[in-house]
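Visitor: need a structure here:
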Amino acid sequence: MSYFKHHVFFCCNQRPEGESCCANHGAVALQTYAKDRIKALKLNGPGEVRMNKAGCLDRCDEGPVLVVYPDETWYTYVDKSDIDEIIDSHIVGGKVVERLKLK
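Guide: Presented below is the predicted three-dimensional model:
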């Protein structure tokens with residue numbers, strides 16, 4: 001059994017000036033938002049959900065990106081409403097958000 005039901009990694013990589021990276025698209029602030037929302041929903045901790053910052057996930061050109069494990073589902077997002085949809089639909093409801101899913 002997994003320690004966490006879902007482990008979510010947000011790419012928060014910062015590349016040199018002029019190079020595409022998730023940090024330039026608000027990834028750090030949106031990871032913090034997601035972590036706070038999971039805590040507010042009381043879904044954090046062992047057996048529940050962990051929202052982590054990650055270094056480069058090597059998909060910055062498709063970013064910003066996050067990946068949900070153990071489901072191996074990759075998403076892109078733009079704002080808090082996208083993060084809310086991923087949390088509400090996928091994390092809470094178990095349904096992948098197809099419109100935000102990366103191929």
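Visitor: please enumerate the strands of the chain.
Guide: For the chain, applying DSSP state E gives strands covering 6-11, 49-54, 65-69, 73-76.
Visitor: what's the longest helix along the chain in contact with?
Guide: Ranked by residue count under DSSP state H, the longest helix found in the chain is helix 27-40. The set of residues that contact helix 27-40 without belonging to it, under C-beta atoms under 8 Å, 6 or more residues apart in numbering, is 8, 10-13, 44, 48-49, 51-53, 63-64, 66, 77, 79-80, 83-84, 86-87, 91. Heads up, the C-betas are built off the backbone N, CA and C, glycines and all.
Visitor: what's the angle between that helix and strand 6-11?
Guide: For helix 27-40 and strand 6-11, the angle between their directions (axes from the mean of the first three to the mean of the last three C-alpha atoms, to 10 degrees) works out to 160 degrees.
Visitor: for the protein, which residues score under the pLDDT cut-off?
Guide: Confidence mapping of the chain against pLDDT under 70 gives the ranges 1.
Visitor: thank you kindly, that will do.
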